[in-house]
Each structure stands twice: as structure tokens, then as C-alpha cells.
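Undergrad: sequence plus the predicted model coming up.
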Amino acid sequence: EAGVAQSPRYKIIEKRQSVAFWCNPISGHATLYWYQQILGQGPKLLIQFQNNGVVDDSQLPKDRFSAERLKGVDSTLKIQPAKLEDSAVYLCASSPGALGATDTQYFGPGTRLTVL
Amino acid sequence: QKEVEQNSGPLSVPEGAIASLNCTYSDRGSQSFFWYRQYSGKSPELIMSIYSNGDKEDGRFTAQLNKASQYVSLLIRDSQPSDSATYLCAVASTSYGKLTFGQGTILTVHP
């Protein structure tokens, strides 16, 4: 079974530029998560999708971050414009279950973003 | 107060010893608890989950949960150098399974 795929693996941009990350979850997984992990910290949930609907985006900085999951499969996360403090690893995860389930979340390899 | 707090590291233990990792959480309504392992430069991988008070054993790993004290721990017996990693405690809230992670504890097992 293929795992969670993410691209690109690394990205370096200047502040105020835009960047987009892509995630393809494990086939059949209904729930998709985007996390931000700053060096030395645990992952912080940015947004959670159940199929193509948003379940939680309370920690997403909506003035600069946006995410979508069209057709309930793959997802993109965009930052526009980027700030220095956005330098982090962006992790995508997916889980199979229905809303409220306590499924195992499977993480992708992450995208390491550096903002100069 | 942080929602999920782990014992500050780094933690260094000799090979063959028991490593003890601790985590406290603030939401009394939390129902599910997870330990993830994260090697440097890699993504987190689940090693243990626990849902009810008491101990849960899986090979060399034992998770312990005490909901009254809002405390969860992970014991690693017969620690190996390959166990050297950051261990993340994660707690699921009662609604829609949202995970909140602690800051992680770095474990180093030296030969």
C-alpha cells in the first residue's frame, strides 16, 4: 500500500513570495490533515478535512494560508505571502475513519520550507 | 499552561536500560493518547496508542495512562541505540479526533 505522498520535499523562497504544497493521502482515507512543525516543536494542526469538507481550521492563519481538498482526495496548502516565521516542515497526514474516530494518522515525508 | 507537556530532555540512557518518557495533558475530556517516534529529518510514526487507564504492552514498549492524574507515560525496556529519536506524546480531544502534540522529548541511547 502506497503511503502519503507530498511534494516538493524542499522549498526555499524569499519572504513575501508565494508557495504551494501538494499532498496525496493513502487511497481510501477520508480524513486529511496538514500540520506545521517548527524545529524543536511538536506538529501543530493547521487544518483537518473530512472528505472535501473542513472540520477544523482554527489554527490556520487565514490571512496568508489557504488549503483545499477538491474531490475529497489530494490537497494543496498555499502560503501567500510567506513570512520568515513560516520556515518549518509542513506535514500531511491521513487516516481512514469517519468523523470522531480515533484512527492512526499516517504521515507523509513532509516539505521543508525555508523562507529567507 | 501548555495543553500537552512532555518532560524536558534530552534524555540519555545506556544501552539495555529502561527509558521513561512522561507526558501530562490539560483537557480532562481527552479520550485517546498516542506516542509517536520521530527520527531526525523524518516524519512521525505511531508506536503506541492507549485509551483506558492502566498499562498496555507491545514488545519492549509499555504505555501507561492515569486519567485522574492526566498523565501518560512510555517505558522502553532494553533500550537500543536504534531507539534514539524524538518521542512525541499526542492527545485526541473528544471531538473529531483532533490531535494535540507535545513538544517532544529527545532520547539518546548510548552503547
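TA: Yep, that arrived.

Undergrad: CA only for contacts and neighbour counts going forward, please
TA: OK.

Undergrad: for B:Arg77, see how far away B:Gly59 is.
TA: Per CA to CA, to the nearest Å, B:Gly59 is found 9 Å from B:Arg77.

Undergrad: tell me which of the two has more neighbours.
TA: Using other CA atoms under 10 Å in any protein chain shown as the criterion, B:Gly59 and B:Arg77 rank with B:Arg77 on top: 16 against 7.

Undergrad: can you tell me which residues contact the more buried one?
TA: Taking CA atoms under 8 Å, 6 or more residues apart in numbering or on different chains, we find B:Arg77 in contact with B:16-19, B:60-61.

Undergrad: and chain A, which of its residues are near chain B?
TA: When proximity is defined as CA under 8 Å from any CA of the partner chain, chain A approaches chain B at A:40-45, A:55, A:91, A:99-110.

Undergrad: apply the buried test to those and list what passes.
TA: A:42-45, A:55, A:91, A:99, A:101-110 (16 or more other CA atoms under 10 Å in any protein chain shown).

Undergrad: what about the residue of chain B found nearest chain A, how many residues nearby?
TA: Going by CA to the nearest CA, chain A is nearest to B:Tyr96 of chain B, at 3.6 Å. Burial measure for B:Tyr96: 16 neighbouring residues, criterion other CA under 10 Å.

Undergrad: next: A:Ser7.
TA: Neighbours of A:Ser7 under the rule other CA under 10 Å: 17.

Undergrad: who's the closest spatial neighbour of it, skipping the chain neighbours?
TA: Closest residue to A:Ser7 apart from its sequence neighbours, by CA to CA, 6 or more residues apart in numbering or on different chains: A:Trp22 at 5.4 Å.

Undergrad: ditto for B:Asn53
TA: In this structure, B:Asn53 finds its nearest non-sequential neighbour in B:Leu65, 4.9 Å apart by CA to CA, 6+ apart.

Undergrad: ok, B:His110 next?
TA: Using CA to CA, 6+ apart and skipping the chain neighbours, the partner closest in space to B:His110 is B:Pro14 (5.0 Å).

Undergrad: same check on A:Ala88?
TA: Using CA to CA, 6+ apart, the closest residue to A:Ala88 is A:Ile38 (4.6 Å).

Undergrad: residues touching the one you found, list them.
TA: A:87-89.

Undergrad: using JSON lines, lay out these together with neighbour count and distance to A:Arg16.
TA: What follows is these, written out as JSON lines (neighbours: other CA atoms under 10 Å in any protein chain shown; distance: CA to CA, whole Å):
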{"residue": "A:Ser87", "neighbour count": "21", "distance to A:Arg16": "12"}
{"residue": "A:Ala88", "neighbour count": "20", "distance to A:Arg16": "16"}
{"residue": "A:Val89", "neighbour count": "23", "distance to A:Arg16": "18"}
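
Undergrad: which one among the residues you listed gets closest to chain B?
TA: Using CA to the nearest CA, A:Val89 is the member of the contacts of A:Ile38 that lies nearest chain B, at 9.4 Å.
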